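> dropping the sequence and predicted coords here.
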Amino acid sequence: MKFQVYSVLIILAGLLVSCEKVIDVDVKDAEKKYVIEAVVTDQADGHYVKISRTKNISENNSFAGISHALVTVSDGEGSSVLFEEETDGVYKPAAFAGISGKTYTLTVNIEGEVFTAVSSMPAKVLMDSIYITEDFLFGEMRKAANIVYQDPPGVRNYYRYIQSVNGVKYNRIFLSNDEFTDGNRNTNKLRTPSEDETLQIASGDTITIQALCIDKANNDYWFSFLTAGATGGSSTASPANPVTNIQGGALGYFSAHTVQVLEVVAP
């Protein structure tokens, strides 16, 4: 059976070498959409709304902010905060801190085109501690951060972790929830893949973890990045945009979440 497979591969390889043809692929530009990235936390700072627009495949990947938008966040209790433009396409409030248990509504008006999104800030679940372990992974010994916490019983909780190594943020998405661990004392290990050697943990490195308590809508958004449909992985031929909680036709997300920062030096 192996012989037959190899034979086919050899024949195909011969055909490819002996017959070369230049194929021009007509890539059509997709309709451009606004992209909104909006964050409200329980901290005194860290809130922002970034507005940009999708680009065609032939354009560069630099951030092109959309200016002169009207951006507000309200809490449903008569309080509304204006986010003013700080730099091109980046909007921040003068003074604001979100409160757990409240539901916030984002409204973005871009030249009369209105986009809205709703996010509820969950109760804050404090992480107890963080420590580093070393395991045999991807063919070699690798260090990983472990986060220990007590999950509150009877409430569905969703967690997201942002890891930085020596101040450099790692773009991998770490998510967990308590579907099968409700009410337990849990340990979440943040494993790092081998393809980015610059962010592997070494002895003496400072590891900083932002532990976020997020709502289900944002868990669904970030989880969609981990599926083949969102990332264009090998299991799908047609990548899709991540699931969004923004209404009106824009891409992106609005997240009202709590933040806890933990730090440890790798032994």
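Noted; the coordinates are in hand.

> the one helix or strand Phe115 maps to pairs with which strands?
Using DSSP states H and E, Phe115 sits in strand 113-120. When pairs are called by DSSP bridges, strand 113-120 turns out to pair with strand 103-110 (antiparallel), strand 246-247 (antiparallel).

> the longest one: which residues count as buried?
Just to be clear, that refers to strand 103-110. Using 16 or more other C-beta atoms under 10 Å as the test for burial, strand 103-110 gives Tyr104, Thr105, Leu106, Thr107, Val108, Ile110. To be clear about C-beta, it is placed using only N, CA and C from the backbone, and glycine gets the same treatment.

> need those in CSV with pLDDT and distance to Tyr48, can you?
Listed next are the buried residues of strand 103-110 as CSV, based on pLDDT from 0 to 100; distance: C-beta to C-beta, whole Å:
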residue, pLDDT, distance to Tyr48
Tyr104, 98, 14
Thr105, 98, 17
Leu106, 98, 11
Thr107, 98, 15
Val108, 98, 13
Ile110, 97, 16
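
> list just the nearest of these to Gln210.
If you rank the buried residues of strand 103-110 by distance to Gln210 using C-beta to C-beta, Tyr104 comes first, at 19.4 Å.

> identify the residue nearest the closest one in space, chain neighbours excluded?
Counting by C-beta to C-beta, 6 or more residues apart in numbering, the nearest residue to Tyr104 once its immediate chain neighbours are dropped is Ala256, at 4.6 Å.

> ok, the one you found - contacts?
Val40, Thr41, Gly98, Lys102, Thr103, Tyr104, Ser119, Ser120, Met121, Asp215 (C-beta atoms under 8 Å, 6 or more residues apart in numbering).

> hang on, Lys169 packs against Ile162?
Yes. Here Lys169 reaches Ile162: they are 6.7 Å apart, a contact under C-beta atoms under 8 Å.

> ok, those two, which is more surrounded?
Higher neighbour count among Lys169 and Ile162: Ile162, with 18 against 12, using other C-beta atoms under 10 Å.

> residues in contact with that one?
Listed by C-beta under 8 Å, 6+ apart, the contact set of Ile162 reads Lys169, Tyr170, Phe174, Ile209, Gln210, Leu212.

> try Gln260
Residues in contact with Gln260 (C-beta under 8 Å, 6+ apart) are Lys124, Leu126, Met127, Gln210, Ala211.

> and which of the contacts of Ile162 is nearest to Ile147?
Ile209 (6.4 Å).

> and whatever helix or strand that closest one lives in, which residues are buried?
In this assignment (DSSP H and E), Ile209 forms part of strand 206-214. Neighbour-count burial for strand 206-214 flags Ile207, Thr208, Ile209, Gln210, Ala211, Leu212, Cys213, Ile214 (criterion: 16+ other C-beta under 10 Å).

> can you list contacts of that strand?
With C-beta under 8 Å, 6+ apart as the test, strand 206-214 has contacts from 121-125, 127, 130, 132, 145, 147, 149, 157-167, 190, 201, 222, 255, 257-266.

> tell me the secondary structure at the closest residue to Ile214 other than its chain neighbours.
Once flanking residues are discounted, Ile214 sits nearest to His257: 4.6 Å by C-beta to C-beta, 6+ apart. Counting by DSSP: H, G, I helix; E, B strand; the rest coil, the backbone at His257 sits in strand.

> my guess is His257 contacts Asn218, does it?
Yes. If you go by C-beta under 8 Å, His257 and Asn218 touch, sitting 7.0 Å apart.

> give the residues shared as contacts by the two.
Listed as contacting both His257 and Asn218 by C-beta under 8 Å, 6+ apart are Ser119, Arg160.

> quick one: the strands in the stretch 151-267 of the chain?
Assigned by DSSP state E, counting those that start in this stretch, the stretch 151-267 of the chain shows strands spanning 158-165, 168-169, 174-177, 185-190, 206-214, 246-247, 251-265.
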